[in-house]
Each structure stands twice: as C-alpha cells, then as structure tokens.
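*Asks:* Structure of the sequence below:
(chains A and B)
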Amino acid sequence: MNKLVKSYIIKQNVTENQMKWIKGEVSMGNVRVRFAPSPTGYLHIGGARTALFNWLYAKHNNGEMILRIEDTDLERLKEDSVSQIISSMKWLGITWDEGPEVGGDYGPYFQSQRLDNYREACDRLLAEGKAYYCYCTPEELEANREAARKAGLPPRYSGRCRQLTAEEVERFNAEGRKPVVRFKVPTEGVTVVNDIIRGEVTFDNTILDDFVIMKSNGIPTYNFAAVVDDHAMGMTHIIRAEEHLSNTPKQILIYKALGYDIPQFAHVPMILAPDRSKLSKRHGATSVEEFREQGYLPQAIVNYLILLGWSPEGDNEIITLEQAVKEFSLEKVNKSAAIYDTTKLTWLNGVYMRDLPLDEVVKHALPFYIKEGLIPEGYSVQDIQRVKEVAEKVREREKTLVDLAKASSYFFRFDYTYEEKGVNKYFKKDGAADILRKGIGALKAVYEFTIENTEEAYRKLIEETGVKSGDLFHPTRLAISGRTTGPGLFDIMVLIGKEETIKRMEKAVEYIEKANFAV
RNA sequence: GACCCCGUGGUCAAGUGGUUAAGACAUCGCCCUUUCACGGCGGUAACAGGGGUUCGAAUCCCCUCGGGGUCACCA
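*Replies:* Next up, the predicted model:
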C-alpha cells in the first residue's frame, strides 16, 4: 500500500468494504468512471488523453466506462460536435460501456435530457434552506464585480439575496425577473479535496461565494449537473483535467449538501501547447481530427498520449493498449503539465507505419492515396492491391500517411519532373546518357523481371564496363522515379515493371541529350 | 489581484535522503549502404534560484521567481 492510499484511509471514513477493496482483498469490479465532454467542438488531444486515462483505469480494474454528453450550454453548442467526438473516440479505439449509441441502465446520457433530475435535487436544496433564489440581474452583478475589482477585492457575490423579504420577492416577480438558484456556501471552515494524483488539497470556504447552480432558464450549471449526474450514475472515480481542481471544492460542498457519497478524484495534468499556453486553434493541429488529416495513425496518437503524464515500466516506450491496460495506475500519473511535441508523435507514427500489419496501414492510407489522385474514390480490389505493393516498400522510410502517399506517386504515374539537385549531380555528369543506354540494354536482356535478376544484370554490367556502381544506380533512380531517394532501386524497377522501366529510362536519355548538358 | 496546482536537458520522462542523475524524441558525429529511411556506436545537454533540516539532499521545510489553472446565469 502506498503512502497516498494510507493517507486516504486516515483522512476519510472509509467503509470496511472500501478498505478491503483498497487492500486488494476483494476483486474490483465496481469501478465506474466517465468521460464527460461538452459538445462545443472537436475532440482535442487533451480531451482524448483524459478519455484514454479513464478508459485505461476502467479496463485495468474491470470497471465500466461511461460517456456522458454535457450539453447544458445552449449557446456554445455546436452542430455535429457530438458525432465528431464520438467518431474521434472510435477511431482512437476508446470505447464506452454506457452512453450515446450503446445505452445503459443509467441513461439518458445527455444532460439536456436529464433536466428533471437537476430540478428535483435543486428543489430539495431549496426546501432544506441550502440554496436560495437570487434575483440580481446580470447588470447588477457585473457592476458589483467591477466595483470589487476597482477596490482590489476578489469579485465575489455579495450574498444579497440570501434573505429577501416576501415583499421584495413579490416585487421582483412582479417586475418579471427570472431568478437563478444559488448554493449557500458555508461562511467558515475548509473543504478538502482528496486527490489520488495530487494528494490532499485544502480550500478555505470563505474564498468561495454563493455560486449559481440553476440558471434562470431552468438549466443547471456545470458544477451542479456534474455532481447530480456523477452520483446518479454511480461514478466511483472522477478522472478529469486539472483545470477542474479548483471547481472541486464547490462540488464537494454540493455532494455533502445532497447527502451523497463523495467519489474519489484524480486530476490529471494539462496538456499545453508548445508555447506553454492552453491549447487553442492558433497552435495548429490540436484536435484528433486534424492529426488524422495530417496522416497520423490512431495507434501512434494513442501511444503518444499514454506517454504524456504517465510512463510504463522499463525503457520501452512503444506500448500497446493491452499492455497499458495491464500496467496503468493513477498513482503513477505525474503532476506537472506536459507540452505536446509533434516531433515525437511523428517518430512514433513512423514506428507504427512500418511495424503494424500492412493491411492495417493500407486501410488508413487509402484516403490519402485518393487525395493524392493516385487511386480513384471508387477504388477497386486491384487498386488496393497496388497500394499494398507500393506501400510495403515505401512505408519503411516515411513517417506520415501524407508522406507515404506523396512518396508513392511515381509508382502510379509517369508525369514527374526530375529533381533539380539530381539532374545537376547525375544527369549532367559526362557519359550519363551513355551509361543509361547500357543499363537499358542490360535490362532488356532480363527475361524474368525480378529483383534478383535485375540486380544481377546491373552488377554484371558494372563488372564488364568498369563503371562505378553509383554512376549507374543514381541516374537510373532519377530516371525511373524522378527522385534521388526512395526504396531499393530494383524494388522500384520490379514494381513499375520492365516495359515501364525501360520507357522511363529512354525518356531520360532523350531528356539528357536534348538538354545538351555537356558544355 | 485572490486562491489552487506545478517546476529534472529543447521536449516527454525515470528518480520517494547516499545514483557516474536512467531512458526516449530531437540534435551532432561515425558506421552500415545504390539513395533515403531503418539499424548500430558515440557526443552535446538537466535537478529554476536562495535559505534551512541532515553526516549527506533532485528527493524534506521555508522564501523568491517562473509557468499553468480557477474565480461566469461556460464547461
């Protein structure tokens, strides 16, 4: 048992069962965690990492992962966002046991469909005097905040409506004011958040003001809805980003007021942009969808995300989801924010590009071949086969699917221009055309156009003529691919075929002689 | 501004009082090689600063500084 767990036991009144559970004396099958995004845009990598950690924790403990959509802010709601988030999660391989599309016993899983629950809980608080109606207008509130700011005081709500007289209430109602409901925060004492990752964090209740739990339109605020739902849905662990740590005391106060058991919290560190600021659109790719479009594989992204804030045992950083599930623990999640660095992601992507089964890579690569115009949108089995043959050789040396498709183009068409650097270096060399002609001759004599046979023909030619191998290989490569880099020369030849290879080489001879480089 | 969290190389990240302070990515050099990549070998590079505590601090405490978060009828 580690220190954290020990201190937890001391600090909280854990039940005997919980104690057994912590000690590992009972099998853990009751862990329930959730990922609760608000549908205001794409799933960004921070959210994806949070979802992933929840998922890993659930799987590690044989528990359940719930997906809940927090769509209580009508104004920021974005069309399609839910389906975007869902598709990104699916693409990454993060599943959920309950939630949209799969249902479950604790639904509905959209907060907009659970309004009755919040109303009910709110009424109870109201009836018990733990919350009250507030008739202050946004303008009044803003004016107060402004005044406080000027006075150098924290912008807190005054508590003015805590005890309104019946006449005042009547007057406000007559004015047509629609009240909000505020939670009565204790005016003294402290609230302690016991966080698995951060330990014990203490907040003074006096720094909290009477925050709104129900808006005037009858919709709950985040801090209230989250608590009501997390309890109703039986959440045992709340794993979320650190930005919520400061909200947690408010939520704990609500848990207590409602008489709910308090779940365990784990606030994972934030993921920051390269300039150390919070992730936003101006930082380039930040959403899972964008990374996908840039040619990253889900396996690479997931692996990268696992490494941000958590590290596996040992030196090996290439880790599958299965291994991660086996090893994952919240205690090992570190506390400091991480800056995401696409360089390492790109490296990982390269690793997965060459290590994943070819079919898997091709599956993800197809859209990029289409985009590059190498295969038609309504591609055929033959097209897939061709992509496979090419990708098998090209994937070894490329790091993203975009690069893979780009580096594959000359296998599909002969419309390239020769790389200038290569022309200068190889085509302009004395006797280049002549050597190419000899190469053509040698290749023409090859019956079965295989890697071994073509290579043998070339080796023999080198031996017979005494030309340096580079003087033959380099111009040939440039002639048949237009480039100075790529897969093995004979791999290329065989892939494009004898006829095409010779045709391209003849074209190159023609090009060299027409350009008349020899000055 | 108040409150909260965090601070090991450029980035990720081991490390829980005694280590030559791991490893990965990036970077540089060499090797392999028909090119590029892969791979192999090696190099540069870090405990934010200052005080304590201790025989001994990256590890414990305090202060400073720096970064981040929260203070909404957003989530």
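*Asks:* Could I get the contacting residues of A:Gly99?
*Replies:* A:Gly99 makes contact with A:Ile66, A:Leu67, A:Arg68, A:Ile69, A:Tyr109, according to Cβ atoms under 8 Å, 6 or more residues apart in numbering. For the C-beta atoms, the positions are set from N, CA and C on the backbone; glycine is no exception.
*Asks:* can you give me how far stretch A:449-466 is from the chain middle?
*Replies:* Relative to its chain's centre, stretch A:449-466 lies at 49 Å (Cα atoms, centre = their mean, to the nearest Å).
*Asks:* what does stretch A:205-218 give?
*Replies:* On Cα atoms, centre = their mean, the centre of stretch A:205-218 falls 33 Å from the chain's centre.
*Asks:* re earlier: whichever of the contacts of A:Gly99 end up buried, select them in PyMOL.
*Replies:* Applying 16 or more other Cβ atoms under 10 Å to these leaves a buried subset, and the PyMOL line that selects it is:
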select buried, chain A and resi 66+67+68+69+109
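*Asks:* Pull the most distant pair out of the contacts of A:Gly99.
*Replies:* A:Ile66 and A:Ile69 (10.8 Å; Cβ to Cβ).
*Asks:* near RNA strand B, which residues of the stretch 301-450 of chain A show up?
*Replies:* Applying Cβ under 7 Å from any atom of the strand, we find that the stretch 301-450 of chain A lies next to RNA strand B at A:307-311, A:315, A:317, A:332, A:334-341, A:343-344, A:347, A:350, A:396-397.
*Asks:* actually the stretch 1-150 of chain A, not the one I typed
*Replies:* Proximity of the stretch 1-150 of chain A to RNA strand B (Cβ under 7 Å from any atom of the strand) is limited to residues A:2-3, A:36-38, A:70, A:72-73, A:76, A:136-138, A:141, A:145.
*Asks:* For A:Gly488, state which of the residues you listed is nearest.
*Replies:* Closest approach between those and A:Gly488, by Cβ to Cβ: A:Pro37, at 46.7 Å.
*Asks:* right, and that closest one touches A:Ile85 too?
*Replies:* Yes. A:Pro37 lies in contact with A:Ile85 (Cβ atoms under 8 Å); the separation is 5.5 Å.
*Asks:* what touches both of the two?
*Replies:* When contacts are counted by Cβ under 8 Å, 6+ apart, A:Pro37 and A:Ile85 are jointly contacted by A:Leu43, A:Gly47.
*Asks:* Those two: which has the busier surroundings?
*Replies:* Legend: neighbour count by other Cβ atoms under 10 Å for A:Pro37 and A:Ile85, higher for A:Ile85 (28 against 22).
*Asks:* backbone phi and psi for A:Arg32, please?
*Replies:* When read as degrees, to the nearest 10, the backbone of A:Arg32 gives phi -130, psi 120.
*Asks:* for the stretch 301-450 of chain A, which spans come out with low pLDDT?
*Replies:* Counting by pLDDT under 70, the stretch 301-450 of chain A contains no low-confidence residues.
*Asks:* switch to 90 and redo it
*Replies:* For the stretch 301-450 of chain A, the stretches with pLDDT under 90 are A:314-315, A:341, A:420-421, A:424-425, A:428-433.
*Asks:* Distance across stretch A:265-274, terminal residue to terminal residue?
*Replies:* Stretch A:265-274 has an end-to-end distance of 28 Å (Cα to Cα, to the nearest Å).
*Asks:* typo on my end, stretch A:371-380
*Replies:* Termini of stretch A:371-380 sit 16 Å apart (Cα to Cα).
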